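*Asks:* Provided below for reference: sequence and predicted model.
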Amino acid sequence: MKYFRNKEEVYTKIIKILCEYKGFSRKDMFKILKNESCRYLFFLLIKKYECCDMELLKKDFPSVNSKNVKRNIKRAEEKLLLDKKIREMYFEAEDIINKVK
């Protein structure tokens, strides 16, 4: 992982990957949080790439607060260990983010 990354740029890549995966447009991205696997993947990726900035998240998801973020990250980490599909999606998304620079 690179230490000097633009958080907003990485955050945008994460959103773009998830929207493309589910076939959402950028304006319908709030649907990411409605889909369980996408929600978990989203929170795992924003934690890994340190994009958990509340200002950044509130811009796209106004109803999110720090308590929700922490709770969702914890659930996502549990699902990562238990759910093979989430694990595979996570590592695939991670590869895509690292390749796209």
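*Replies:* Thanks, I have the structure now.

*Asks:* hey, let's count contacts and neighbours off CA atoms from now on
*Replies:* Noted.

*Asks:* where do the helices sit along the chain?
*Replies:* In the chain, the helices defined using DSSP state H lie at 7-22, 36-48, 54-60, 66-82, 84-99.

*Asks:* Contacts only, for the residue most central in space within the chain.
*Replies:* Centroid-nearest residue in the chain: residue 42, 2.0 Å away (criterion: C-alpha atoms, centre = their mean). By C-alpha atoms under 8 Å, 6 or more residues apart in numbering, the contact set of residue 42 is 14-15, 18, 32.

*Asks:* Please apply the same query to residue 25.
*Replies:* Applying C-alpha under 8 Å, 6+ apart to residue 25 gives the contacts residue 19.

*Asks:* Per-residue pLDDT of it, please?
*Replies:* pLDDT for residue 25: 84.

*Asks:* got it, and residue 12?
*Replies:* According to the prediction, residue 12 has pLDDT 88.

*Asks:* Also residue 66?
*Replies:* Taking residue 66 on its own, its pLDDT is 91.
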